[in-house]
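*Asks:* sharing a model that was predicted from the sequence below.
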Protein chains: 2
Amino acid sequence: MRRTKGTPRRRSQQRERILELLKSTDSHPTANWIYARLRRDFPALSMGTVYRNLAVLAEQGLISRIGFGSTFDRFDANTGHHYHFICDHCGTIVDLDLPVDESLNGRVRAAAGLEARSHDIQFRGTCASCARRIVSNRS
Amino acid sequence: MRRTKGTPRRRSQQRERILELLKSTDSHPTANWIYARLRRDFPALSMGTVYRNLAVLAEQGLISRIGFGSTFDRFDANTGHHYHFICDHCGTIVDLDLPVDESLNGRVRAAAGLEARSHDIQFRGTCASCARRIVSNRS
DNA sequence: GTTCATGCAAATCGTTTGCACAATG
DNA sequence: CATTGTGCAAACGATTTGCATGAAC
């Protein structure tokens, strides 16, 4: 949107309603759901506005995008149950050789009454080679 | 691809090489990486073939797609650390009120030497309303 | 020879972006 | 009034699909 550095963000009806809407629900809406919902108040609303505002809100830490982090589908021939480590810097995904804790599924039943059949864990951090690169580039 | 029910799947050079390639690596390739790699052996290979075969292999349980399960980005105004339950049937995502186990990050360091800063867990199963629907439709 | 798998290209889907105009401070 | 935010439409990138031809069995 071409912003000159340092200029403060302006408020907008649309952005405020998007945040309010997200705060009012415990579902995890898609952009399209928000769009459909807000069209009642702003008949001319566009998807571009929805996406732009979601990006701003996420950048401000007021909301978070949930997902795997990668834009691409990724495939794995290791079909056994295992956890993943994802590097925040280079996006590399590493299979972890960590014992899988199947008792976690039972904890979900105890806490929420939901029957969890399986679970996945993604750890996030900096992989070894990125850590090395970052240390050596320290300014 | 228009398959008449019950007809057996035929083998294909391309599919076998895709599986072999996935088994030979511990990275978690994207479709495009596989495509580029296999083009050496099949100069006329098309992306359509890659995607079709990945779908077949996944359907046969020989590989798995890793990701959040949803095609769409989803947004959440609950920015505190929490785990998710995803219903396999309807895709609903539920925030879990489960204690977050920060010690898991340390276990990754101990086991793999990787510095995990955070982690996410997605439990999968059938949500309450889908479970009800399925029981009542039992044939 | 029948039916499935491939290659190609066009279509689709979610998301992003350029531009002229409206809203904000 | 200077600059951001919006709406619109076109662009984009990943994935999917229709169709004619080639491969499997």
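*Replies:* Yep, that arrived. Residues are numbered from 1 along each chain as shown, chains lettered A, B, ... in the order given.

*Asks:* what number of residues lie near the residue of chain A found nearest DNA strand C?
*Replies:* When scored by CB to the nearest atom of the strand, chain A has A:Gly48 as its residue closest to DNA strand C, at 2.7 Å. Every C-beta, even on glycine, is put in place using the N, C-alpha and C of the backbone. Taking other CB atoms under 10 Å in any protein chain shown as the criterion, the count of residues near A:Gly48 is 8.

*Asks:* cool, and A:Leu96?
*Replies:* Around A:Leu96 sit 19 other residues, with neighbours defined as other CB under 10 Å.

*Asks:* that one reaches B:Val108, doesn't it?
*Replies:* Yes - A contact is recorded between A:Leu96 and B:Val108 when judged using CB atoms under 8 Å, the distance being 6.4 Å.

*Asks:* which residues do those two both contact?
*Replies:* Common contacts of A:Leu96 and B:Val108 (CB atoms under 8 Å, 6 or more residues apart in numbering or on different chains): A:Phe85, A:Phe123, B:Leu114.

*Asks:* in strands, which of those residues appear?
*Replies:* Secondary-structure check on the shared contacts of A:Leu96 and B:Val108 using DSSP state E: residues within strands are A:Phe85, A:Phe123.

*Asks:* most neighbours, which of the shared contacts of A:Leu96 and B:Val108?
*Replies:* Across these, neighbour numbers were computed from other CB under 10 Å; A:Phe123 holds the maximum, 25 neighbours.

*Asks:* what distance do you get for that one to A:His82?
*Replies:* In this structure, A:Phe123 lies at 12 Å from A:His82, with CB to CB, to the nearest Å as the measure.

*Asks:* mutual contacts of the two, please.
*Replies:* Between them, A:Phe123 and A:His82 have A:Leu96 as joint contacts when contacts are counted by CB under 8 Å, 6+ apart.

*Asks:* about what we covered before: could you dump the shared contacts of A:Leu96 and B:Val108 to a markdown table with pLDDT and distance to B:Asp41?
*Replies:* Formatted as a markdown table, the entries for those read as follows, by pLDDT from 0 to 100; distance: CB to CB, whole Å:
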| residue | pLDDT | distance to B:Asp41 |
| --- | --- | --- |
| A:Phe85 | 94 | 31 |
| A:Phe123 | 95 | 35 |
| B:Leu114 | 93 | 34 |
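
*Asks:* now render the shared contacts of A:Leu96 and B:Val108 as CSV, adding distance to A:Phe72.
*Replies:* Formatted as CSV, those follow (distance: CB to CB, whole Å):
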residue, distance to A:Phe72
A:Phe85, 18
A:Phe123, 20
B:Leu114, 22
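
*Asks:* could you pull out the helices for chain A?
*Replies:* Under the criterion DSSP state H, chain A contains helices at A:13-23, A:31-38, A:47-59, A:103-112, A:128-136.

*Asks:* what's in contact with the second one?
*Replies:* Read that as helix A:31-38. Residues from elsewhere that reach helix A:31-38 (CB under 8 Å, 6+ apart): A:14, A:17-18, A:21-22, A:27, A:29, A:45, A:47, A:50-51, A:54, B:72-73, B:75.

*Asks:* is chain B contacted by stretch A:122-139?
*Replies:* Yes - for a cut-off given as CB under 8 Å from any CB of the partner chain, stretch A:122-139 has contacts with chain B, namely A:Gln122, A:Phe123, A:Arg124, A:Gly125, A:Thr126, A:Cys127, A:Ala128, A:Ala131.

*Asks:* quick one: residues contacting the last one.
*Replies:* Looking back up the chat, that one is A:Ala131. B:Glu115.

*Asks:* do you know how far it is from B:His119?
*Replies:* Counting by CB to CB, the gap from A:Ala131 to B:His119 is 18 Å.

*Asks:* and A:His82, what's its pLDDT?
*Replies:* Model confidence at A:His82, expressed as pLDDT, equals 93.

*Asks:* do the same with A:Thr71
*Replies:* Reading off the per-residue confidence, A:Thr71 sits at a pLDDT of 83.

*Asks:* can you mark which positions in the helix or strand bottoming out on mean pLDDT in chain A are buried?
*Replies:* Using mean pLDDT, DSSP states H and E, helix A:128-136 stands out as the lowest-scoring helix or strand of chain A, at a mean of 86. Buried residues in helix A:128-136, defined by neighbour count with 16 or more other CB atoms under 10 Å in any protein chain shown: A:Cys130.
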